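A.B. asks: The amino acid sequence is not available; the structure is as follows:
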């Protein structure tokens, strides 16, 4: 019996101690008509060896590709130590640290994570994680509306990740919060200052991605000051790798952003098909009581020794129930633990080096594309490690042709944006070598030259 | 010592810095960061040693028994972790085309099908990233259902007073009001109170079954009739599904929406507070509202359904695919258990809980519901002990840490004073349970003879009891070097 340790003798003794004849008697309070032990879709048990073999075969069949997709999930090198330590049983199989004295390892690691995230974003306070970037942004929108009191409209730029916009909508619309789009400038790819509404009555906050979904740096100072002058809060949605070299949200404009929320996946979390990732959130000191999610604080023990504990729990659902700041309970503790270890291993210079190297590779790739006939760059704004290209032929068959050569060429913008037409979001991080970039450019040149016929051959993993 | 206090200017893990890219010439100067972030400057060995040592300051399932009620802290099989960390799964980009991930999607699809069968629901979405997000999705679907029928009068969600705090909080996030329903003396929902509470304003009822009081809800058939009869829908909080796995199905009980905590029943790790996963299942009438994505199988090919396939979906809860790596672990676990193993989970969870309940009662502990069977958990109340000795449930819990056992859940459910909610799970042996009973009995004796010893616990851990009041009053939520205060807003 997988993972059940009982011997026949144990079972006999335990039933005798309870005073029942058999295990079935323990279920006698379930109404008879509701008892149902049919399981037709669950196969018979398999050994660990058989299950690992099955899953290894499936994984190997999926193969791996030379990947140039970013679009909110970024391929970075993760030091071997990060997950070797994070999957130590003491971190991996620990519960939420409600019993602080038995959880100092997790609690101190999360306190260090909070310190790192607060400093990276230039704000005073970090929570101990939310689910992912998109849902963290949704929580930030709800938080801003609570802080603003009264106003229930929030400005969401079109240059924000389309999936993030969709998640925010799912999570806030039942509370009567209205999301209003802001257009982007078709020349620069930045949020258009001219697209901001003239009448700002009833607006609680403006969301500012940095860089935005197109990889373009936003005019964060002008946007921040514009919002603050109109009594709105500013919610920053920054890429944390970029913050190693970019001015942090706490220093945007005259007063800095009020809240930062985003995706912590680039900080040591594998792509893993989409999750688990790491939603982060930081804010000004004065806003901490409206912050959702767990927060770790430093305190003293009965003997005056410093230690760590969950704090401000009166914000949370297990204490406040229907009056809580959020329904969140389980968060992404292990991912936050991994992120802390990752940032400690890289340090300020290592993380900046990752950012600079990614930036340089993206520029190199962009330069390599510049020479390909039929490939253009629709946006003039400065980029970080991702950019949009436009092609003259349909994107979908071009991506299929690249895939047939073992390359995932980027994220098609065709479904999400009407303009620029036939465009593609491409990313290069520090993981790409000069040879990788050359291979992509050379393959794309060949495909464009032959006129991109749809390819039907089998996928060729590298 | 904090990692920051070990930092030395100029020290680094050079092996972790990529080559190339020495400048950021293409980024305008005004966008550049002027002062580096406060990340530690340490060697790779410093960091490895620091976090390895920190890990040793934790209790965990791998090191300690965790009789934590409502949390199902069973063994997290290492094989499931190995399966989820296969290199091709880890390197898969979430936006990679479905045809590059057929093996990955096959695992998720099969998990979806198994969860449908186990719960007796018509359809399942794996999207929610935790139980609370599953609750949000479930209540949002209930709301979408009423909205589609233009039944705008339904503005209230009913929640038993013993419910998890996430239940009322989730209902509020979906724009509902919350009304509590009382519990009767046997730990069941007070059916008369429920019948009086329902009406044209009732959108639904959220119910945990077996309940958080550790007993099976015996009036479930009446409850279903009353709520559905009033036009409301039924939501099943799957926190305690482990107790009925392979014995009974929420679908048969008439539930319209449910969530399953994979980090409980399907043994994925808690990771010091997450990540979890909270797939949702629905009855036929809510199928079209499921959150996206859903894995579909067309002509032996797997694909992720999106907005164009499911126009009535409540939408997305995550940018990508939810906590996919957690789902893979749950899949590996489910395949190792198989159908026969799945049925034995509830058998042995119930055997362990009822045995522990019987033994603790013999040892002199007072049960909250002595007249009832334990489900997979049960409640001990220390109210009388507190009156006699001043020792509280919190003190008792802290003293258990000294004895090498994680504490049970304390002060939840709120209904039972000075309660310990105890859930041993099926993966613990009789010998571990006996050792736990012995420790409980020792502490009971200590509480009577030397109450101060228990009240001032823990004594044997690296730290004494932490001052939570001080933590909340003198907030220290991030370390700061001397003189750095003005750098951070």
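C.D. replies: On my side now, so go ahead. All figures in this text were calculated on a predicted structure; none of them were measured in a lab.

A.B. asks: C-alpha from now on. contacts and neighbour counts both.
C.D. replies: OK.

A.B. asks: In contact with the nearest residue to residue A:161 once chain neighbours are set aside, which residues?
C.D. replies: Spatial nearest neighbour of residue A:161, excluding adjacent residues (C-alpha to C-alpha, 6 or more residues apart in numbering or on different chains): residue A:213 at 5.0 Å. Taking C-alpha atoms under 8 Å, 6 or more residues apart in numbering or on different chains, we find residue A:213 in contact with A:71, A:72, A:159, A:160, A:161.

A.B. asks: Most neighbours out of these, which is it?
C.D. replies: In terms of neighbour count, residue A:159 stands highest of the contacts of residue A:213 at 27 neighbours, by other C-alpha atoms under 10 Å in any protein chain shown.

A.B. asks: Would you mind giving the domain segments of chain A?
C.D. replies: Using automatic domain parsing, the domain ranges for chain A come out as A:66-75+A:352-449, A:80-342.

A.B. asks: how far out from the middle of the chain is the last one?
C.D. replies: Relative to the mean C-alpha coordinate of its chain, domain A:80-342 is positioned 10 Å out (C-alpha atoms, centre = their mean, to the nearest Å).

A.B. asks: Do me a favour and average the pLDDT over that domain.
C.D. replies: Regarding domain A:80-342, the rounded mean pLDDT is 96.

A.B. asks: follow-up on the earlier one: for residue A:9, which of the domains of chain A is the nearest?
C.D. replies: For the domains of chain A, the distance to residue A:9 is smallest for domain A:80-342, at 29.5 Å, taking C-alpha to C-alpha.

A.B. asks: thinking again about what came up before, put together CSV for the contacts of residue A:213, with secondary structure and distance to residue A:256 on each row.
C.D. replies: Written out in CSV, the entries for the contacts of residue A:213 read as follows (DSSP: H, G, I helix; E, B strand; the rest coil; distance: C-alpha to C-alpha, whole Å):
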residue, secondary structure, distance to residue A:256
A:71, coil, 26
A:72, coil, 24
A:159, coil, 20
A:160, coil, 20
A:161, coil, 22
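
A.B. asks: from these, which is closest to residue A:433?
C.D. replies: Sorting these by how near they are to residue A:433, with C-alpha to C-alpha, puts residue A:71 at the top with 20.0 Å.

A.B. asks: what are the ranges of the helices in chain A?
C.D. replies: Listed in chain order, the helices of chain A (DSSP state H) span residues A:8-18, A:48-62, A:80-86, A:89-92, A:104-121, A:133-148, A:162-172, A:220-229, A:317-320, A:333-370, A:395-404, A:434-449.

A.B. asks: I'd like to know which of these is closest to residue B:91.
C.D. replies: Closest of the helices of chain A to residue B:91 is helix A:48-62, at 10.3 Å (criterion: C-alpha to C-alpha).

A.B. asks: anything in that closest one near chain B?
C.D. replies: Yes - part of helix A:48-62 sits close enough to chain B to count as contact by C-alpha under 8 Å from any C-alpha of the partner chain, namely A:48, A:51, A:52, A:55, A:56, A:57, A:58, A:59, A:60, A:61, A:62.

A.B. asks: how much space is there between the first one and residue B:369?
C.D. replies: The one in question is residue A:48. Separation of residue A:48 from residue B:369 (C-alpha to C-alpha, to the nearest Å) stands at 40 Å.

A.B. asks: Between the two, which is the more surrounded one?
C.D. replies: Neighbours of residue A:48 and residue B:369, each counted by other C-alpha under 10 Å, are more numerous for residue A:48; the result is 21 against 18.

A.B. asks: which residues touch the more buried one?
C.D. replies: For residue A:48, the residues meeting the contact criterion (C-alpha under 8 Å, 6+ apart) are B:79, B:336.

A.B. asks: One more: residue A:55?
C.D. replies: Contacts for residue A:55 were tallied using C-alpha under 8 Å, 6+ apart; they are B:83, B:103, B:107.

A.B. asks: Okay, the closest residue to residue A:270 other than its chain neighbours and residue B:81: tell me how far apart.
C.D. replies: Taking C-alpha to C-alpha, 6+ apart, and ignoring the residues beside it in sequence, residue A:270 has residue B:90 as its nearest neighbour in space, at 5.7 Å. In this view, residue B:90 and residue B:81 are 12 Å apart by C-alpha to C-alpha.

A.B. asks: swap in residue B:57?
C.D. replies: Plainly put, residue B:57 is 22 Å away from residue B:81 if you go by C-alpha to C-alpha.
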